[in-house]
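Student: Coordinates only, no sequence provided:
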């Protein structure tokens, strides 16, 4: 492990040092085989070293002699979010892909997946069985929806409360490392979604002993995190470095950074990027950072900086999806209002200069201006997609594009996306035209479960009134089970045909486009008589990038 986190248990030669930042606690005790009083330190830290302890030790913290809580930086929770935390010795895992250093950003083509529904097994280990399929398809990266520990046995992952711990529903930390190692052996990068704008609503005990974590403002999902506080800022940065160091993740996608309303100064986004850049420089790895940002802030993006120096490789380009979805389906509700009058013009704009909204008033946002000019950026600053977890799962029935448009239209849109110079992203099963729904699901209990269920129905009262009580119950296990990917559909005639198309397009991309993307720039795009024409000036061929074969091998 390179460097040391300020949070969580620290392995020492003769034991483990336990640390907790608890500014609101009068006293803190460590609970293992018995109770140990922890020593107050500067800046509201509490610390204690226990000789003879190591990996596998189960522990909790007792606050003010009353509440027993897990470590907020727990590395594993074998019994869910309210159970004891477990010390993990990360140095014990035997990595096989020892020489893996990542892949250049311009080679990125993504498959987004949810570990719990990607296979019938729903685990890190069962996902390994499908890596050969991903590599053979011609994709170069998997992007995992968040795996940080959440309450219950099923969740999209954006309700994580213990951000350093892979959820036990998917397996143990070594199982996660095995998935990443096996991906690297096949030449696949692994990206992880992380959430730094809120904590989930169940299993978060920080307000009991560290209320300074939270600002007074709210996001749609809970209280905002206050990055003006140095320790809170360090918690998020250490978390990012934790996944990159201990799990050898190749990149992170930061969820909904527009909802970080107290970023501090300098911005938490800037400091996190610089810290990751320092890690990349020290290790010689290619590490990539991506944003989700409704604000379309082009000034946060720099796809060419190596390593990151305060900015981000790319942003998920919602504008690209929304314009295409409006054109293909004719839908105008919600944010599709912004693209209703001229979807063809918006498609031409995203292909020719990145964002569709670069400072124009947004009807969906009551006329507020959205975005910044983006045409001077490289095309690689925009991750484009026709589907993702949000754009499927935030629909009432979780229905995919394959159920809304005919095969020819979907194939044409796929061809444009996969051959354009922007990094493409597919949602699991999209490569064979899956019709499997991906509805929203979670596993809360009691009053919280009722509130989520009612809130989900209210969300669709106006825009999707025709569905009424037909909206799937997000708390029902059957809703979760309906999202488990049906791999047999890949072998049906339509599945084989779509998969062959995607493989062919990605093969063309790998051979004819990727080698020239390093210096590519935006060109022009236009619609004339229902014909879309686009061109992009490509750079000189990059001869310094090794060829990656989509087969298992040791690098």
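Tutor: Yes, it's here. All of these numbers come straight from a predicted model, not from anything done at the bench. Numbers count the residues shown, from 1 in each chain.

Student: any idea which helix or strand carries residue 455?
Tutor: helix 446-459 (DSSP states H and E).

Student: Could you pull out the buried residues of that helix?
Tutor: Using 16 or more other C-beta atoms under 10 Å as the test for burial, helix 446-459 gives 449, 452-453, 456-457. Where C-beta positions appear, they are placed from N, C-alpha and C, glycine not excepted.

Student: Shouldn't residue 17 be within a strand?
Tutor: Yes: remark: residue 17 belongs to a strand, assigned using DSSP: H, G, I helix; E, B strand; the rest coil.

Student: That one: what's it in contact with?
Tutor: 9-10, 47-49 (C-beta atoms under 8 Å, 6 or more residues apart in numbering).

Student: Including distance to residue 95 and pLDDT, could the buried residues of helix 446-459 go into JSON lines?
Tutor: Listed next are the buried residues of helix 446-459 as JSON lines, based on distance: C-beta to C-beta, whole Å; pLDDT from 0 to 100:
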{"residue": "449", "distance to residue 95": "40", "pLDDT": "93"}
{"residue": "452", "distance to residue 95": "39", "pLDDT": "91"}
{"residue": "453", "distance to residue 95": "43", "pLDDT": "91"}
{"residue": "456", "distance to residue 95": "41", "pLDDT": "84"}
{"residue": "457", "distance to residue 95": "47", "pLDDT": "80"}
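
Student: Which of those sits closest to residue 484?
Tutor: The shortest approach to residue 484 among the buried residues of helix 446-459 belongs to residue 456, at 19.9 Å (C-beta to C-beta).

Student: what's the neighbour count on the residue lying closest to the closest one once chain neighbours are set aside?
Tutor: In this structure, residue 456 finds its nearest non-sequential neighbour in residue 474, 5.3 Å apart by C-beta to C-beta, 6 or more residues apart in numbering. For residue 474, the number of neighbouring residues by other C-beta atoms under 10 Å comes to 24.

Student: and residue 474, what are its phi and psi?
Tutor: The phi and psi values for residue 474, taken as degrees, to the nearest 10, are phi -70, psi -20.

Student: With residue 233 instead?
Tutor: Phi and psi for residue 233, reported as degrees, to the nearest 10, are phi -60, psi -40.

Student: Give the full set of residues in contact with it.
Tutor: By C-beta under 8 Å, 6+ apart, the contact set of residue 233 is 227, 264, 268, 271.

Student: Nearest residue to it in space, ignoring adjacent ones along the chain?
Tutor: residue 227 (4.9 Å).

Student: how much space between the one you found and residue 382?
Tutor: 26 Å (C-beta to C-beta, to the nearest Å).

Student: now swap in residue 505 and tell me
Tutor: From residue 505 over to residue 382 the distance is 18 Å, taken as C-beta to C-beta.

Student: ditto for residue 160
Tutor: Noted for residue 160: a distance of 27 Å to residue 382, by C-beta to C-beta.

Student: and residue 47, that one's in a strand?
Tutor: Yes: assessed with three-state DSSP, residue 47 lies in a strand.

Student: coming back round to it: which one's more surrounded, residue 505 and residue 382?
Tutor: More crowded of residue 505 and residue 382, by other C-beta under 10 Å: residue 382, with 27 against 19.

Student: Now the more buried one. Its backbone dihedrals?
Tutor: phi -130, psi 110.

Student: What pLDDT does the model give the most centrally placed residue in the chain?
Tutor: Nearest to the geometric centre of the chain sits residue 193, at 1.8 Å (C-alpha atoms, centre = their mean). Note for residue 193: predicted pLDDT of 98.

Student: again with residue 237
Tutor: pLDDT for residue 237: 98.

Student: how about it, phi and psi?
Tutor: phi -60, psi -40.

Student: which residues sit in contact with it?
Tutor: Counting by C-beta under 8 Å, 6+ apart, residue 237 touches 268, 271-272, 275.

Student: Could you pull out the helices in this structure for me?
Tutor: Here the chain has its helices, by DSSP state H, at 115-118, 124-128, 131-137, 173-185, 206-209, 230-246, 268-283, 318-329, 343-353, 389-393, 407-419, 446-459, 477-482, 493-508.

Student: contacting residues around the residue nearest to the centre of the chain?
Tutor: Contact analysis of residue 193 by C-beta under 8 Å, 6+ apart lists 143-146, 157-158, 252-253, 255.

Student: make it 7 Å
Tutor: By C-beta atoms under 7 Å, 6 or more residues apart in numbering, the contact list for residue 193 reads 143-146, 157, 253, 255.

Student: thinking residue 541 is in contact with residue 514, fair?
Tutor: No: here residue 541 does not reach residue 514: they are 10.1 Å apart, not a contact under C-beta atoms under 7 Å.

Student: These two: which is more packed in?
Tutor: Neighbour tally, residue 541 and residue 514, criterion other C-beta under 10 Å: the higher count belongs to residue 514, 20 against 11.

Student: mind checking how far the nearest residue to the more buried one once chain neighbours are set aside is from residue 506?
Tutor: Take residue 514 and drop its neighbours on the chain: the residue closest to it by C-beta to C-beta, 6+ apart is residue 107, 5.6 Å away. According to C-beta to C-beta, residue 107 and residue 506 sit 11 Å apart.

Student: Can you tell me what sits against stretch 289-299?
Tutor: Contacts of stretch 289-299 (C-beta under 7 Å, 6+ apart): 251-258, 273, 276, 300, 308, 312-316, 355, 357-358, 370-374, 377, 383.

Student: Could you list which residues are in contact with the residue nearest to residue 336 when sequence neighbours are not counted?
Tutor: Leaving aside its chain neighbours, residue 336 sits nearest to residue 326 (5.0 Å; criterion: C-beta to C-beta, 6+ apart). Counting by C-beta under 7 Å, 6+ apart, residue 326 touches 336, 339-340, 343.
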